[in-house]
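K.L.:
return a 3D structure for these sequence lines:
(one chain, ligands or ions: 1)
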Amino acid sequence: MLQRRTSLRAIAKRKSKLDFLQLDNVQVVYNGIILVLRGVTLNVPRGKIVTLLGANGAGKTTTLKAISNLLAAERGNVIAGSIHFDGRRIDSLNPEALVRSGLIQVMEGRRCFPHLTIEENLLTGAHTRSASHAELRDSIDKVFHYFPRLKVKRRLSAGYASGGEQQMCAIGRALMSNPRIVLLDEPSMGLAPQIVQEIFAIVRGLNNREGVSFLIAEQNATLALDCADFGYILENGRVVLDGTAEMLKGSSDVKEFYLGISSGERRNFADLIKNHRKRQPFLSVMD
Ligand code: ATP
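P.N.:
Alright, predicted model coming up:
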């Protein structure tokens with residue numbers, strides 16, 4: 001009996017990990033007609049880093065925007081499927097309510113307010129909180145702890161900051177909302193490799209020490225798989241492969257199509273889709 005209770009508790013614990021962010025068969029259309037996501041199912045376990053990989057136009061940004069409910073501005077709609085965050089269905093929550101619940105997106109292309117200083121940009125990230133002056137100070141100090149470059153440049157107008165500093169500022173601003181999960185859209189875009197390494201190391205630190213989960217959409221598979229625990233590969237609005245980062249790094253398909261390491265005769269990506277293995281849920285890889 002005791003053993004049975006223990007195993008039920010273990011299952012419940014595992015389930016709550018799996019349930020942190022969950023997309024089930026999500027379909028998205030733009031302009032009421034262009035079907036872009038064709039049934040995406042994915043899962044971010046609590047406290048983990050998951051990367052969403054795929055070429056240009058695969059549907060990575062659309063997936064993140066579907067989660068943060070930012071599709072309406074693009075005339076996009078979730079037409080089927082469901083999205084749950086921490087056990088609660090969130091498809092109909094507005095972006096501000098999502099931020100209050102602990103889920104925030106850092107959009108592709110940084111998007112800092114160019115006329116505000118770095119520090120003022122960070123403060124705008126706390127607008128959904130009713131925090132005291134001292135709490136805001138603590139939050140800013142925490143951001144400066146993780147991003148020392150931002151502390152040095154805190155009085156600089158964000159428009160004059162480098163691309164890397166703007167990306168750090170955008171992530172720092174998201175952290176000011178006290179998120180439990182951050183959706184990062186192409187953090188490496190247009191940045192020098194050394195800066196990208198620095199940013200991914202900080203993401204890992206935030207995950208390890210603050211317990212923040214991340215879903216990172218990336219084209220740079222090598223970097224993303226080095227940082228992440230799990231990965232999904234999206235192609236034409238469908239997940240074609242998923243698994244632990246180690247497993248994906250070792251997969252010959254991923255090596256060939258995403259890491260640029262060819263095993264000989266070059267194949268068409270359609271072969272990968274045709275032959276893709278039966279998808280393994282994370283339950284098995286986490287056991
Ligand atoms: P990238 O790395 O280039 O951003 P992605 O994997 O993030 O690619 P999405 O931006 O999600 O891909 O785009 C997926 C598909 O949806 C593409 O074919 C794109 O042209 C189309 N798309 C994106 N936004 C819109 C829109 N507002 N209206 C119509 N089609 C769109």
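
K.L.:
contacts, neighbours, all on C-alpha from now
P.N.:
Noted.

K.L.:
for G39, which non-adjacent residue is spatially closest?
P.N.:
N25 (4.0 Å; Cα to Cα, 6 or more residues apart in numbering).

K.L.:
count the residues that sit near the one you found.
P.N.:
Other residues lying near N25 total 16 when counted by other Cα atoms under 10 Å.

K.L.:
for G250, give me phi and psi.
P.N.:
The phi/psi pair for G250 (degrees, to the nearest 10) reads phi -90, psi -10.

K.L.:
residues touching the residue nearest to G39, list them.
P.N.:
The neighbours of N25, taking Cα atoms under 8 Å, 6 or more residues apart in numbering as the test, are 38-41, 80-82.

K.L.:
likewise for L93?
P.N.:
L93 neighbours (Cα under 8 Å, 6+ apart): N69.

K.L.:
same check, this time on N56
P.N.:
The contact partners of N56, by Cα under 8 Å, 6+ apart, come to Q219.

K.L.:
circling back to that earlier point, could I get the contacts of N25 as JSON lines with neighbour count and secondary structure?
P.N.:
Supplementary listing: the contacts of N25 in JSON lines, determined by neighbours: other Cα atoms under 10 Å; DSSP: H, G, I helix; E, B strand; the rest coil:
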{"residue": "R38", "neighbour count": "19", "secondary structure": "strand"}
{"residue": "G39", "neighbour count": "18", "secondary structure": "strand"}
{"residue": "V40", "neighbour count": "21", "secondary structure": "strand"}
{"residue": "T41", "neighbour count": "17", "secondary structure": "strand"}
{"residue": "A80", "neighbour count": "16", "secondary structure": "strand"}
{"residue": "G81", "neighbour count": "16", "secondary structure": "strand"}
{"residue": "S82", "neighbour count": "19", "secondary structure": "strand"}
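
K.L.:
turn those residues into a markdown table, columns for distance to the ligand and pLDDT.
P.N.:
Shown next, in a markdown table, are the contacts of N25 (distance: Cα to the nearest ligand atom, whole Å; pLDDT from 0 to 100):
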| residue | distance to the ligand | pLDDT |
| --- | --- | --- |
| R38 | 11 | 96 |
| G39 | 13 | 96 |
| V40 | 12 | 97 |
| T41 | 15 | 96 |
| A80 | 16 | 96 |
| G81 | 17 | 96 |
| S82 | 18 | 95 |
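
K.L.:
picking up where we left off before, adjacent strands (with direction) for whichever strand or helix holds the residue nearest to G39?
P.N.:
Assigned by DSSP states H and E, N25 belongs to strand 21-30. Here strand 21-30 has these sheet partners by DSSP bridges: strand 34-44 (antiparallel), strand 76-85 (antiparallel).

K.L.:
out of these, which gets nearest to D185?
P.N.:
If you check each of these against D185 by Cα to Cα, strand 34-44 wins as the nearest, at 15.3 Å.

K.L.:
which is the next helix or strand following the closest one?
P.N.:
strand 49-53.

K.L.:
next secondary structure element downstream of the helix or strand hosting G231?
P.N.:
In this structure, G231 sits in strand 230-235 according to DSSP H and E. For strand 230-235, the succeeding helix or strand toward the C-terminus, using DSSP H and E, is strand 238-244.
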